[in-house]
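In: Provided below are the primary sequence and the corresponding predicted coordinates.
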Amino acid sequence: MSEAAILTEGLSKSFGTQAAVAELNLKIQPGAVYGFLGRNGAGKTTTMRMLLGLVRPTKGSARVLGLDPGKEAELLRILERVAFVPQRKQLYGWATPVELVRMNKAYFSCWSDEAAARLAQRLEIPMKTEFKKLSIGNQSKVALLLALAQEAEVLVLDEPTAGLDPVMVDEILRTLIEDHVSQGRTIFVSSHHLGEVEQICDWVGILEEGRLLLESRLEEIRQEFRLVIASGEGLPAVSSTDVVSATTDGRFRRYVVAREAERFAAELRGQGATILEVSSLGLRELFLHLVRKEDVCTPGNAGAKPAPVSSFS
Amino acid sequence: MYAWKCWRETRASFIFLLMLCTVPALLVTLGPGLTEQNGWWRFDRSEYLHNAGPTSQLVSIMVLSVLWPSGFLSAVFLGATAPGSEIEPGTIEYLWTRPRTRTSLTWTHWGVCLAEMVIVAVVPTYLAAAILGTLTRTWNLPLLMIAPWIMVIVGLPMLGLTALMTALRRSAKGGLIYTAGIVSVYLIFRQLITVPLHLNLPPLFAGPVTWLMNNKPFVPPSAFPWGSLVRAVLLTAAFPLAAQYLLKRAEV
């Protein structure tokens, strides 16, 4: 197997006593399109910043294209081969996109003028207007243009479509698929728009409070993952590594099961539970079940307060 | 390309400061020759030839007129555009994800600012020297010739101090406020010590400027404050190195 495009082992970052990222283990293969999901403050941006040397890990290690971002010489080689769109797409207010392109291309040997021109046209960017006078959407587009025309081996995109209208979001997703995914480039993208993630990603990782709750192929989520809702007095503890999440409130329990849900439901029945529902899960439902903190327990919406997965193993 | 960005970002201040030095230089040197005759202004070169006294005065005024803009103002304004100033606005994420070391960015900025400071100090001063030399036929103006270089040498610690403060405060505004605060506190402290205790403390690194201001062009100069010059050179190196150290370890 070829070397991972992005690899982290026990990667952790704390700000004072606050753990932003805790023991994160990621392995993203070259050519993968990896959706990095999580609520605000889950640690997605901090993780991306650690990969690009903007933040130093407190513990653990990271490697991008086999190189260590903690070492200056290796970081420079990473930055030559990785394009980054930060969450805060702030560029020089006095510069026009034309000037920004001219400035940016000097840094990168693989820069494509042809791609830059095509993107400018496709994304309808006013190239001669000062950056500070552009709308937030257009500012985001300029940041994307600079990253995509870099023709990098790995794209690290932190909420790349924030502030864009649906037409532009669609254009950008199509550009990513046509120009980058099709060429086998690795994309590591964080987004709150799960529909977009479903459209382009083949892998997803869900982060919560700095910890990776789930990492799976998107296809596997669609085909294998099921929601099992059970009720009954004193529901039995379940010993199964297939349960990735369980939320409980009184008599109801909701289990997100990674595989063999029917067998798992039968096991519950065998222990006296009543199975109310076994249903397939979309990415959105899975995400909500995994990260939702408060969930009022009502008929048809059973469960609340997620319990740690480990307590069911 | 970062050098171009530094130039593009500072060029408005640079042009303003250059004019701030050049206009007085032209006014001071050409002013005495302008006379009114029948309601018209005319230039009378003989004003310069009959009396050497004004030349001496002109050189002193010239030194003073370019002193502050070229030495201190340019250093402070240019220093406030150092890489540390990009942290608060957020452009640092762009800058620090280009394949360049943070150290090289710090020193590229410093180099561009040095070049601009030299031009701001040298061009108006040497222009004035050339005009005065032509008009008075006196080319021996050593004080005027070394003045811009002294201003640059004394300005460089200010450039470094402002760059360091922007790194510390992570913004241009914060850097400027801290620099102004440090300079003010130092001057007040020096004054408080000097007057009641009857001490004559040498200025930390501004001795060469005091020397320039106290000397007359055609009078043998007093002893040059070499100690102050050495301190200026040491601080010129120390402040950017400290800024480089801070920025290299900064997280954003």
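Out: The structure has been received and is ready for your questions. Numbering: from 1, shown residues only, chains lettered A, B, ... in the order given.
In: what's the distance between residue A:283 and residue A:255?
Out: Separation of residue A:283 from residue A:255 (C-beta to C-beta, to the nearest Å): 18 Å. Heads up, the C-betas are built off the backbone N, CA and C, glycines and all.
In: who's more crowded, the two?
Out: More crowded of residue A:283 and residue A:255, by other C-beta atoms under 10 Å in any protein chain shown: residue A:255, with 27 against 21.
In: quick one: the helix or strand that the more buried one is a member of to chain centroid distance?
Out: Residue A:255 is located in strand A:252-257, with elements delineated by DSSP states H and E. Counting by C-alpha atoms, centre = their mean, to the nearest Å, strand A:252-257 is centred 24 Å from the centre of its parent chain.
In: how deep is residue 196 tucked in, by neighbour count?
Out: With no chain named, the answer covers chain A. The local packing of residue A:196 (other C-beta under 10 Å) involves 19 other residues.
In: was after chain B, sorry
Out: A count of neighbours around residue B:196, defined by other C-beta under 10 Å, yields 8.
In: Give me the local confidence score for it.
Out: Residue B:196 carries a pLDDT score of 74 in this model.
In: how close does it sit to chain A?
Out: Between residue B:196 and chain A the distance, using C-beta to the nearest C-beta, to the nearest Å, works out to 45 Å.
In: What of residue B:34?
Out: Using C-beta to the nearest C-beta, we find residue B:34 at a distance of 39 Å from chain A.
In: That residue reaches residue B:41, doesn't it?
Out: Yes. Here residue B:34 lies in contact with residue B:41, judged by C-beta atoms under 8 Å, at a distance of 5.6 Å.
In: can you list the residues of the stretch 1-150 of chain B near chain A?
Out: Applying C-beta under 8 Å from any C-beta of the partner chain, one finds that the stretch 1-150 of chain B approaches chain A through B:1, B:4-5, B:8-9, B:89-91, B:93-94, B:96-101.
In: which of those residues are buried?
Out: The neighbour-count test (16 or more other C-beta atoms under 10 Å in any protein chain shown) applied to the residues of the stretch 1-150 of chain B next to chain A identifies B:5, B:9, B:91, B:93, B:94, B:96, B:97, B:98, B:100 as buried.
In: Tabulate those residues in a markdown table, adding columns for secondary structure and distance to residue A:115.
Out: Output for those, formatted as a markdown table (DSSP: H, G, I helix; E, B strand; the rest coil; distance: C-beta to C-beta, whole Å):
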| residue | secondary structure | distance to residue A:115 |
| --- | --- | --- |
| B:5 | helix | 22 |
| B:9 | helix | 27 |
| B:91 | coil | 23 |
| B:93 | helix | 22 |
| B:94 | helix | 19 |
| B:96 | coil | 24 |
| B:97 | coil | 19 |
| B:98 | coil | 18 |
| B:100 | coil | 22 |
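In: Can you name the two of those that sit furthest apart?
Out: Comparing all pairs in these by C-beta to C-beta, the longest separation belongs to B:9 and B:97, at 18.6 Å.
In: and the closest residue to residue A:99 other than its chain neighbours, what pLDDT?
Out: Distance criterion C-beta to C-beta, 6 or more residues apart in numbering or on different chains; nearest residue to residue A:99, sequence neighbours excluded, is residue B:8 at 7.4 Å. What the model reports for residue B:8 is a pLDDT of 94.
In: try residue A:305
Out: Reported pLDDT at residue A:305 in the predicted model: 40.
In: try residue B:138
Out: At residue B:138 the predicted local distance difference test score is 75.
In: Next one: it from residue B:28, what distance?
Out: In this structure, residue B:138 and residue B:28 are separated by 16 Å, where distance is defined by C-beta to C-beta.
In: Compare the two and say which is more crowded by neighbours.
Out: The residue with more neighbours, out of residue B:138 and residue B:28, is residue B:28; 23 against 17, by other C-beta under 10 Å.
In: where along the chain do the helices fall?
Out: Assuming you mean chain A. Listed in chain order, the helices of chain A (DSSP state H) span A:44-51, A:72-81, A:97-105, A:113-122, A:136-148, A:166-175, A:194-200, A:218-224, A:261-270, A:283-291.
In: should've been chain B
Out: With DSSP H, the ranges of helices along chain B come out as B:2-30, B:46-50, B:53-66, B:74-79, B:92-95, B:102-136, B:142-169, B:172-197, B:207-214, B:226-249.
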